[in-house]
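Student: Take a look and give me a structure for this.
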Amino acid sequence: MATSGPAVLDRPTVEKKQERAPVKDKRSMGNESWEVRIYNDGTNTREHVARCLVRVTGLTEIAAYGTMMQAHQHGIAVVGRWVFERAEMYYEALKQSGIICDLNPVDEEK
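Tutor: The predicted structure follows:
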């Protein structure tokens with residue numbers, strides 16, 4: 001009868017990935033400034049829009065009211081400028097709240 005001992009396993013080989021220069025995607029190229037803009041619509045009340053601006057972006061009530069009135073009177077208003085990640089977070093949260101908005105890079109070389 002053969003005696004069986006403990007099994008010996010070879011260490012697995014791990015392929016090393018070649019280091020590449022980091023590729024910047026279009027969201028982080030150029031400047032770090034992105035604008036969140038809201039638009040006037042016929043479905044959301046002015047109060048709802050202002051409350052969402054306060055809750056989502058942390059604007060003061062006065063600043064949120066002013067931004068909402070800008071959109072109401074002129075059809076569009078800039079909520080603010082932030083780095084991409086924060087602007088995207090605010091954009092998504094406003095969109096989830098039913099606010100018509102968009103996210104745009106800011107060309108500061110003008």
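
Student: and the residue positioned nearest the centre of the chain, what does it touch?
Tutor: When C-alpha atoms, centre = their mean is applied to the chain, the residue found nearest the centroid is Glu88 (1.3 Å). Contacts for Glu88 were tallied using C-beta atoms under 8 Å, 6 or more residues apart in numbering; they are 34, 103. C-beta: built from backbone N, CA, C; applies to glycine.

Student: Which residue ranges of this protein form helices?
Tutor: 46-57, 61-74, 84-96 (DSSP state H).

Student: which stretch among the ones you listed comes nearest Val36?
Tutor: Of all those, it is helix 84-96 that lies closest to Val36, at 5.2 Å by C-beta to C-beta.

Student: Poorly predicted segments of the chain, please.
Tutor: 1-3, 5, 7-31, 109-110 (pLDDT under 70).

Student: so who does the closest residue to Ala93 other than its chain neighbours touch?
Tutor: Nearest residue to Ala93 in three dimensions, chain neighbours excluded: Val56, at 4.4 Å (C-beta to C-beta, 6 or more residues apart in numbering). Remark: with contacts taken as C-beta under 8 Å, 6+ apart, Val56 is in contact with 90, 93-94, 97.

Student: go on, Thr57?
Tutor: 36, 64, 79-80, 90, 94.

Student: Looking at those residues, state which has the most neighbours.
Tutor: Val36 (28 neighbours; other C-beta atoms under 10 Å).

Student: if I look at that one, how far off is Arg55?
Tutor: With distances taken as C-beta to C-beta, to the nearest Å, Val36 is found 14 Å from Arg55.
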